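>>> here is my input; please provide its structure:
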Amino acid sequence: MAKIRLRKGDRVRVMSGRNKGAEGRILAILRNGEQVIIEGVNLIRRTLKPTQQNPRGGFTDQEAPIHATNVQLLDPQTGEPSRIGYTFLETGEKVRVSRKSGAQLTE
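This is a model prediction of the structure:
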């Protein structure tokens, strides 16, 4: 199982699949399946059973997971897709950086 370098809150772009080109923030990371849930991307329609609060039932749209290898982080300076690397600060702290511009990624 590969290491997922993405974090919750990162801005990403979908690079392949039906939602190719879509951008959004990561809402959740499902570690066991190496999948991510992205805000407003890969929406599916779920049915709601009738309840006392909602006697007619209905439908709701929600995000479905996408495999982490199909998305790429957006560089904070250029807005282009970039790979993720790691560097060490003078204090010895390990931080994530964008490979394209070298900009430090906020945690």
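
>>> hmm, who's touching the helix or strand where Thr87 lies?
According to DSSP states H and E, Thr87 maps onto strand 84-88. With CB atoms under 8 Å, 6 or more residues apart in numbering as the contact definition, strand 84-88 has outside contacts at Arg5, Leu6, Leu73, Lys94, Val95, Arg96, Val97, Ser98, Arg99, Leu105. Backbone N, C-alpha and C define where each C-beta goes, glycine included.

>>> if we use 10 Å, what do you get?
Residues external to strand 84-88 that are found in contact with it (CB atoms under 10 Å, 6 or more residues apart in numbering): 4-7, 10, 72-73, 93-100, 102, 104-105.

>>> tell me how many other residues surround the residue lying closest to Ile84 once chain neighbours are set aside.
Leaving aside its sequence neighbours, Ile84 sits nearest to Arg5 (CB to CB, 6 or more residues apart in numbering; 4.3 Å). Neighbours of Arg5 under the rule other CB atoms under 10 Å: 14.
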